[in-house]
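Peer 1: need the 3D shape of this:
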Amino acid sequence: MAICIFVVLGCISGFVLFRKNTVPQSTETYARDERVSVIIPARNEEANLPHILSSLLKQSYQPDEIIVVDDGSEDRTREIAVGFGVKVVDNPELPAGWTGKTWAVWNGFLHSTGDLIVFLDADIRLAPDALEKLLGIRRKSGGVISVVPYHDTEKFYERLAMITNVLGVFAFTSPFERKSKQTGLYGSCIITTRADYEAVQGHDGIKSEILDDLNLGAKYRAAGIPVVNFLGHDLVSFRMYPGGIKSELQGFGKGAVLSTANLAASTTVLVALWLIGLIVSESFLFLWGNQAWLLAALAGYVIYTLQIFYLIQYVGKFGKLMPFIHILSTLFFLVVLLYSAYQVVFIGAVSWKGRAIQVRGRS
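Peer 2: Alright, predicted model coming up:
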């Protein structure tokens, strides 16, 4: 009976948290009456830059300038950016009190001239009409918008991030986050006016934050500027960690624990209920000695599998097999969580792209 309660509560929590908040369809043409600057921070991104720069050059609405900030890369990042004919900024030496990404983004902004600023990570891929549609919806909604990209995966280890991605999407689609003062942005794709960005002091105001996007969103909220997040679905996607499972673990691990502090209490509770129900359903592997419990957990496993199939239509491409063996993805998430907690609690710093980033409040 307890198993059934956990599974039912968990699945209901998932449907409460998830909102199919994709970018609304529109046939309107975006009027070219404002300069648009695209800023891409890049550290050792030689594999990703050709994809994002190619997709930008194919946009139905061409930005007025594309700025790549070379953040101390040790590969061909700068050479590739120059080859595409975009503006390349060499990031100055990282000063005390800044994280690498916030410093790179801020310097890109200082070299920009646009009335509208589009911040993109180097691993983003855009549909040909993505920029035009996003600019249009930002004009309608006002304030600042961000997009949670659709996660394209190719290798098995990348697909282990399925549950981690689902939980991340819950945090951005939860109805309880809409009025929260801590509502964040998704840093991979942000569009803001220059005036609004300057009003909140931009990344200079959050220079020491590891979770720059979440804290930047809170700054906009505090200034009374609307914050709206969308799902990228068929417009905005990314392939996050093609470099191996180590980079995947580090990438997710740097924010897994810290990000929970920015969530509304109701969101945190429902996410916990969904995760508990998921783990309870996966316990059928250890319940062979009790047929009633085994059947209840197995039924829960099937129900969660069906729900996951529905959710990942909007979250990412994880293959046909992973939803059936979601227990492996759950185990990966738990490893990420433990690794993140170890870094935050015992080390006081998280590792990313060859840098140790100090956790605020730790020496």
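
Peer 1: next, Gln182: secondary structure please.
Peer 2: Under the three-state scheme (DSSP: H, G, I helix; E, B strand; the rest coil), the conformation of Gln182 reads as coil.

Peer 1: next one: the residue nearest to it when sequence neighbours are not counted from Gly255, what distance?
Peer 2: Among residues not flanking Gln182 along the chain, Asn262 sits closest, at 4.6 Å (Cβ to Cβ, 6 or more residues apart in numbering). Glycine gets a C-beta too; all of them are placed from N, C-alpha and C. For Asn262, the distance to Gly255 (Cβ to Cβ, to the nearest Å) stands at 10 Å.

Peer 1: so what sits against both of these two?
Peer 2: Overlap between the contact sets of Asn262 and Gly255, as judged by Cβ atoms under 8 Å, 6 or more residues apart in numbering, is given by Leu211.

Peer 1: list the residues that contact Thr260.
Peer 2: Under the criterion of Cβ under 8 Å, 6+ apart, the contact list for Thr260 reads Thr268.

Peer 1: where does it land in three-state SS?
Peer 2: With three-state DSSP as the criterion, Thr260 was assigned helix.

Peer 1: what about it, distance to Phe18?
Peer 2: Taking Cβ to Cβ, one finds Thr260 at 18 Å from Phe18.

Peer 1: kindly state the pLDDT recorded for the residue nearest to Gln182?
Peer 2: Looking at Asn262, its pLDDT stands at 74.

Peer 1: for it, give its distance to Leu287.
Peer 2: From Asn262 over to Leu287 the distance is 36 Å, taken as Cβ to Cβ.

Peer 1: which of the two has more neighbours?
Peer 2: Asn262 (22 against 16; other Cβ atoms under 10 Å).

Peer 1: do I have it right that that one meets Leu214?
Peer 2: Yes - with contacts counted by Cβ atoms under 8 Å, Asn262 reaches Leu214, the gap being 4.6 Å.

Peer 1: buried residues in stretch 29-37, which are they?
Peer 2: The neighbour-count check on stretch 29-37 (16 or more other Cβ atoms under 10 Å) flags Tyr30, Val36, Ser37 as buried.

Peer 1: okay, and which of those map to strands?
Peer 2: Of the buried residues of stretch 29-37, the ones assigned to strands by DSSP state E are Val36, Ser37.

Peer 1: any chance of the buried residues of stretch 29-37 in a markdown table, plus distance to Leu116 and pLDDT?
Peer 2: As requested, the buried residues of stretch 29-37 are arranged in a markdown table below (distance: Cβ to Cβ, whole Å; pLDDT from 0 to 100):
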| residue | distance to Leu116 | pLDDT |
| --- | --- | --- |
| Tyr30 | 10 | 79 |
| Val36 | 5 | 97 |
| Ser37 | 7 | 97 |
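
Peer 1: redo the buried residues of stretch 29-37 as CSV? Include distance to Ser188.
Peer 2: Compiled in CSV, those are given as follows (distance: Cβ to Cβ, whole Å):
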residue, distance to Ser188
Tyr30, 21
Val36, 18
Ser37, 17
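
Peer 1: closest to Phe332 among the buried residues of stretch 29-37?
Peer 2: Ser37 (37.2 Å; Cβ to Cβ).

Peer 1: relative to Leu216, how far out is the closest one?
Peer 2: Between Ser37 and Leu216 the distance is 17 Å, computed by Cβ to Cβ.

Peer 1: so Val335, which state does it fall into?
Peer 2: Here Val335 is recorded as helix under three-state DSSP.

Peer 1: show me what contacts it?
Peer 2: When contacts are taken as Cβ under 8 Å, 6+ apart, Val335 is in contact with Leu249.

Peer 1: ok, now Ala96?
Peer 2: Under the criterion of Cβ under 8 Å, 6+ apart, Ala96 has no neighbours.

Peer 1: could you check how far it is from Val350?
Peer 2: Distance of Ala96 to Val350, given as Cβ to Cβ: 18 Å.

Peer 1: again with Gly316
Peer 2: If you measure Gly316 against Val350 using Cβ to Cβ, the figure is 23 Å.

Peer 1: looking at these two now, which is surrounded by more residues?
Peer 2: Regarding Gly316 and Val350, a neighbour count based on other Cβ under 10 Å identifies Gly316 as having more, with 26 against 23.

Peer 1: what's around Ala297, how many residues?
Peer 2: 23.

Peer 1: from the buried residues of stretch 29-37, pick the one nearest His233.
Peer 2: Nearest to His233, judged by Cβ to Cβ, of those is Tyr30 at 19.1 Å.

Peer 1: hmm, who's touching the helix ranked longest in the chain?
Peer 2: Secondary structure of the chain read by DSSP state H shows that its longest helix is helix 291-315. Residues outside helix 291-315 that contact it (Cβ under 8 Å, 6+ apart): 1, 3-4, 6-7, 10-11, 14-15, 18, 20, 22, 150-151, 162, 165-166, 169, 231, 233, 277-278, 280-284, 287-288, 318, 323-324, 326.
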